[in-house]
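Enquirer: Requesting a structural model of the entry that follows:
(chains A and B)
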Amino acid sequence: MPIQYYIYLCLALFSIGVIGVLTRRNAIVVFMCIELMLNAVNLLLVAFSKMFHGYALAQNATSTTGIDAQIFVFFIMVVAAAEVSVGLAIIVMMYRNTHSVDINFLNRLKN
Amino acid sequence: MSIIEVLFFALSAFAIGSAIMVLVSKNPIHSVLWLILVFFAISGHYILLNAQFLAIVNIIVYAGAIMVLFLFVIMLINVKKDSEPQKQFLVKLLGVVAGGSFLTLLVALVKQTAQIQGRTLLMKDGVIGLIHPLGKALFNEYVVPFEISSVLFLSAMVGAVIIGKK
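Expert: The predicted structure follows:
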């Protein structure tokens, strides 16, 4: 399987996430689009890890090249989980203050 | 066309279609459910790449924990419908144009990058995606980041409680 297929798939998913962040006004949906972009990057990291692993395996049959990328993906998932918990707490607090989750109400920091 | 290619294209179409449905759904709960389908498709891609540990972790952490958190918050704050007014057509159009040009730019960049021309992926061979090599790497070379991530979780938990308390 050529690496380009995976790159195009991940670019498409990432761009859909970008379009979502730019067009939607519901803060929760914007946050979900950020998760979508994170997942596109994760998939691309795993694809590149398998690409380099394939070339290293041809030289050395016991090589573990490419394992770092999968550990990276694991840590990205860890950080995303922490980020989501704080972000959703912020959204709940924002709803308590403004009774809305529309991000257009957030154009000022005061009051 | 081999079975792997068929599965790849089916899963890709499923992922992109569900991702588009995340954007066009009016109800945020439907968006969450479509996003769970996207995560299942991405887990299918991980299984296709023989990254079994990440496939399971993706389902457990993303579809099982994070999306449930989203559903909790949506039901807690009770947003029934998007109260988005209809007259922001121009904003949507500009957003789609901006995202489309971003995609075009990156695709053009990939097309003319010399380093990845003719490179192929190892699909089902290789053991680096299994639990045993990943666990050995995680607890030997990456044990310090692993412990630091537990501190990060603790601080995120304290932060979420403090933000949500007042």
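
Enquirer: quick one: low-confidence parts of chain A?
Expert: Residue ranges of chain A with pLDDT under 70: A:108-111.

Enquirer: give the contact list for the one residue sitting closest to the centre of it.
Expert: Note on chain A: the residue nearest the mean C-alpha position is residue A:38, at 0.6 Å, using Cα atoms, centre = their mean. Residues in contact with residue A:38 (Cβ atoms under 8 Å, 6 or more residues apart in numbering or on different chains) are A:76, A:80. For every residue, glycine as well, the C-beta is placed using N, CA and C.

Enquirer: Then residue B:11?
Expert: B:41, B:44-45, B:48.

Enquirer: run the last query once more with 6 Å
Expert: Shown in contact with residue B:11 (Cβ atoms under 6 Å, 6 or more residues apart in numbering or on different chains): B:41, B:44-45.

Enquirer: With residue A:18 instead?
Expert: B:99, B:102.

Enquirer: same thing but 8 Å
Expert: A:33, A:37, B:98-99, B:102.

Enquirer: burial of residue B:108, as a residue count?
Expert: A total of 10 residues lie near residue B:108 under the criterion other Cβ atoms under 10 Å in any protein chain shown.

Enquirer: so where does it fall, helix or strand?
Expert: helix B:89-111 (DSSP states H and E).

Enquirer: Repeat that for residue B:73.
Expert: Per DSSP H and E: helix B:67-77 holds residue B:73.

Enquirer: Tell me which residue lies nearest the centroid of chain B.
Expert: Using Cα atoms, centre = their mean, the most central residue of chain B is residue B:39, at 5.7 Å.

Enquirer: Wait, a strand at that residue?
Expert: No. With DSSP: H, G, I helix; E, B strand; the rest coil as the criterion, residue B:39 is helix rather than part of a strand.

Enquirer: For residue B:41, give me its contacts.
Expert: By Cβ under 8 Å, 6+ apart, the neighbours of residue B:41 are B:11-12, B:14-15, B:18.

Enquirer: Quick check: it vs residue B:34, distance?
Expert: 11 Å (Cβ to Cβ, to the nearest Å).

Enquirer: anything in contact with each of these two?
Expert: Common neighbours of residue B:41 and residue B:34 (Cβ under 8 Å, 6+ apart) are residue B:18.

Enquirer: circling back: turn the contacts of residue B:11 into CSV, columns for pLDDT.
Expert: Formatted as CSV, the contacts of residue B:11 follow (pLDDT from 0 to 100):
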residue, pLDDT
B:41, 95
B:44, 94
B:45, 93
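
Enquirer: and of these, the nearest to residue B:163?
Expert: Nearest to residue B:163 among the contacts of residue B:11: residue B:41, at 32.6 Å, using Cβ to Cβ.

Enquirer: State the number of residues packed around the nearest residue to that closest one once chain neighbours are set aside.
Expert: Nearest residue to residue B:41, sequence neighbours excluded (Cβ to Cβ, 6 or more residues apart in numbering or on different chains): residue B:15, at 3.7 Å. Neighbours of residue B:15 under the rule other Cβ under 10 Å: 27.

Enquirer: Quick check: residue B:15 touching residue A:10?
Expert: No. Counting by Cβ atoms under 8 Å, residue B:15 does not reach residue A:10; the two are 9.9 Å apart.

Enquirer: on that earlier part again, in strands, which of the contacts of residue B:41 appear?
Expert: Counting by DSSP state E, no part of these is found in strands.

Enquirer: As CSV, these with distance to residue B:150 and pLDDT would be great.
Expert: Formatted as CSV, the entries for those read as follows, by distance: Cβ to Cβ, whole Å; pLDDT from 0 to 100:
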residue, distance to residue B:150, pLDDT
B:11, 33, 94
B:12, 35, 94
B:14, 35, 95
B:15, 31, 95
B:18, 33, 95
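
Enquirer: if we take the residues you listed, which one ends up nearest to chain A?
Expert: residue B:12 (4.9 Å; Cβ to the nearest Cβ).
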